[in-house]
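# next come a sequence and a model predicted from it.
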Amino acid sequence: MKPRAGQVPDRVPVMCQLALGHYFLHAPGGAIGIWHDTPTFGDALLALQRRYGFDGILVNLPGRDPRWRDHLTLAEPRGRDTVLRWANGAETTAPPDDNPHVRAGDATRAPERTFAAIDPERLFYVEPHGQFGATMVGAGGFPPWQFDAVRHVRARAPEVSVHGEVFSPFSQWLEWLDHADALMALVEDPAKVTACLARLADGASELGRGLAAAGLDALLISSAFAGAGFISRRQYRAFVLPFERAVVDGVKQAYPALPVYTHTCGAIGDRLDLMEETGTDGIDTLDPPPLGTVELADAKARLGQRLFIKGNLDPVATLLAGSAGTCFAAAIERIAAAKAGGGYILSSACSVAPHTPPENIMQLRRAVEEAGWYVR
C-alpha cells in the first residue's frame, strides 16, 4: 500500500469488501446480530476473512451501543424479514440478505432534512449506518463505542491488515438530504454547499483520527457518489476534491504513515487524475465496463508507482453469476495486468453481492497463490 516508497510485498495481496448481506447469509450471527451487536459483527468479519484467505478486513460498520438490547421492545418475523420495535418508537425491518430498513419514531426523527433548513454551523458528521438510520453526530464528538468494532477485530487478528471507513463529505451530503435537493443545491447555492462540506470534512477527519487510534492499518474514504454520470469533472473539482483532500490532510497530520485511500464506484476512468489530487494513497474500486469505465492496465499505466490500486474484478457478471473457473481465470487476468512492480491489491471492483457463491470468492486466493508471487 506504499508504492511511493518502493515497497513490494512477497505476493499480490487479496482483500474484498463484502456486502453486509453476504455476512448475514454466510457468517454466524444473522442480520439482527451482525447489524446491532459489535462483538457479533467483529466475529463475522473474522470468520469470512479466514474462510476466504483475505489479507485484510474492512470494518464498515461503527461500533454499537452495548446496551442496544435494553431498548428493544419487540422482535417478530414478518414473512422472510424480522421486524424490531424500539422503545423510542422506531421500527426496523431486517431482511436476511440486505441492510436493515428503519422507520424513525418521533424520538428519532431528525428535523426536516432539506437544504433550506440546514445550518452549516450545526453540521459535523453524518453516520449513514446509524442504528436508527442516517444520524448526525454533533460537534461534541463520537460516542466511545463508535470505535469498538475496530478494537474488537484488531485484538483478535494482529496479523491481518485492518481497515476502517469514513464517509467523504460529499457522500455524507447525499446521505443526509434527498438526492434531488442535494444535487440542485450544487447549482442554486454553491457557497452554502461548500460551507456545509467543510464542516463535514472536519467531522470525517476527527472520526478518521479516532479510528486510527483504535488500531487501524489503513483508512478508506467512502466516496460512492462521485463518479461520472452522477457529477461532472467540474463538479468533482468543486465539491469533492478539496474536501476529500481536507480529510486526508486532517488524518495525516496526526498519523502521517497511515495509508488513506478512496473508494469510488462506477465510471471514474475520466477522473483518476482528480482523485490523485486529493492526496489519496490509493484508489478502489476501478469498476470495469460495463459497470464502470476503468481498464486495469490503463489505470496501472496512468498511476504508475505513485498510488496503489485495488479492485477491477466484476462482482456481478463474474463473481455472482460466473463459475469458479471463470472467477479464477478473471483473477489471473487482473494479476497479469497490474502485478508488475507492486502496488496492486486483487479485489472485487465493488462489494461482493450477498448471494455470491463462496467457492467463487475463494478463487481469488487460489489465483494469488498460483500467479501472484514476487519472491518465494
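Happy to help now that I have it. Only a predicted model underlies this, so the values are computations on that prediction, with no experimental measurement involved.
# roughly how far apart are residue 315 and residue 279?
To residue 279, residue 315 is 28 Å away according to Cβ to Cβ, to the nearest Å. C-betas here are computed from N, CA, C, even on glycine.
# more neighbours, the two?
Applying other Cβ atoms under 10 Å to residue 315 and residue 279 shows that residue 315 carries more neighbours, namely 26 against 16.
# now the more buried one, nearest residue through space, not along the chain?
residue 348 (4.2 Å; Cβ to Cβ, 6 or more residues apart in numbering).
# what residues are bridge-paired with the one you found?
residue 313 (DSSP bridges).
# what sits against it?
Neighbouring residues of residue 348 by Cβ atoms under 8 Å, 6 or more residues apart in numbering: 16-17, 285, 311, 313-315, 319.
# rerun at 10 Å
By Cβ atoms under 10 Å, 6 or more residues apart in numbering, the contact set of residue 348 is 15-19, 284-285, 287, 310-316, 318-320, 327, 331, 356, 361, 364.
# going along the chain, name the strands of the stretch 201-350 of the chain.
218-222, 260-263, 282-285, 308-311, 344-345 (DSSP state E, counting those that start in this stretch).
# and the shortest one, what does it pack against?
Yep, that's strand 344-345 we're talking about. Judged by 3 or more Cβ pairs under 10 Å, 6 or more residues apart in numbering; DSSP states H and E, strand 344-345 is in contact with strand 282-285, helix 296-303, strand 308-311, helix 324-338.
# what is the mean pLDDT for stretch 336-356?
Averaging pLDDT along stretch 336-356 yields 97.
# mind listing what's buried in that stretch?
Going by neighbour count (16 or more other Cβ atoms under 10 Å), the buried part of stretch 336-356 is 337-339, 342-354, 356.
# related to what we said a few turns ago, adding distance to residue 274 as columns, could you present the helices and strands packed on strand 344-345 in CSV?
Below are the helices and strands packed on strand 344-345 laid out as CSV (distance: least, Cβ to Cβ, whole Å):
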stretch, distance to residue 274
strand 282-285, 11
helix 296-303, 12
strand 308-311, 15
helix 324-338, 21
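# next one: residue 305, what pLDDT does it get?
Residue 305 is given a pLDDT of 82.
# which residues touch the closest residue to it other than its chain neighbours?
Counting by Cβ to Cβ, 6+ apart, residue 305 lies nearest to residue 3, which is 4.5 Å off, once chain neighbours are set aside. Residue 3 sits next to 281-282, 303-309, 341-344 when contact means Cβ under 10 Å, 6+ apart.
# ok, residue 3 to residue 259 distance?
10 Å.
# list the residues that contact both of these two?
Counting by Cβ under 10 Å, 6+ apart, the residues touching both residue 3 and residue 259 are 281-282, 308.
# list just the nearest of these to residue 270.
residue 282 (18.7 Å; Cβ to Cβ).
# who does that closest one form a beta bridge with?
Where residue 282 sits in a bridge, its partners, by DSSP bridges, are residue 261, residue 308.
# neighbours of it, just the number please.
The number of residues near residue 282, taken as other Cβ under 10 Å, comes to 25.
# ok, residue 28 next?
11.
# got the phi/psi numbers for it?
When read as degrees, to the nearest 10, the backbone of residue 28 gives phi -60, psi 150.
# quick one: contacts for it?
So residue 28 contacts 34, 40, 43-44, 47 (Cβ under 10 Å, 6+ apart).
# in ChimeraX, how would I select the buried members of the residues you listed?
Buried subset of those, written as a ChimeraX selection, criterion 16+ other Cβ under 10 Å:
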select :34,40,43,44
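# and which of the contacts of residue 28 is nearest residue 59?
residue 44 (10.9 Å).
# residue 366: which element?
helix 358-371 (DSSP states H and E).
# that helix vs helix 324-338, what angle?
Relative orientation of helix 358-371 and helix 324-338, computed by axes from the mean of the first three to the mean of the last three Cα atoms, to 10 degrees: 40 degrees.
# tell me what helix 358-371 is packed against?
helix 20-26, helix 38-52, helix 324-338.
# which among those helices is found nearest to residue 91?
helix 20-26 (18.8 Å).
# please save the CA atoms from that closest one in CSV.
Extracted C-alpha coordinates of helix 20-26, given in CSV (Å, rounded to 0.1, in the frame of the first residue of the first chain):
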residue,chain,number,x,y,z
LEU,A,20,-23.2,-6.8,4.7
GLY,A,21,-25.9,-9.1,3.3
HIS,A,22,-23.1,-11.6,2.5
TYR,A,23,-22.1,-11.6,6.1
PHE,A,24,-25.7,-12.0,7.1
LEU,A,25,-26.0,-15.1,4.9
HIS,A,26,-22.6,-16.7,5.4
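# which of the contacts of residue 28 sits closest to residue 113?
Among the contacts of residue 28, and counting by Cβ to Cβ, the member closest to residue 113 is residue 34, at 27.3 Å.
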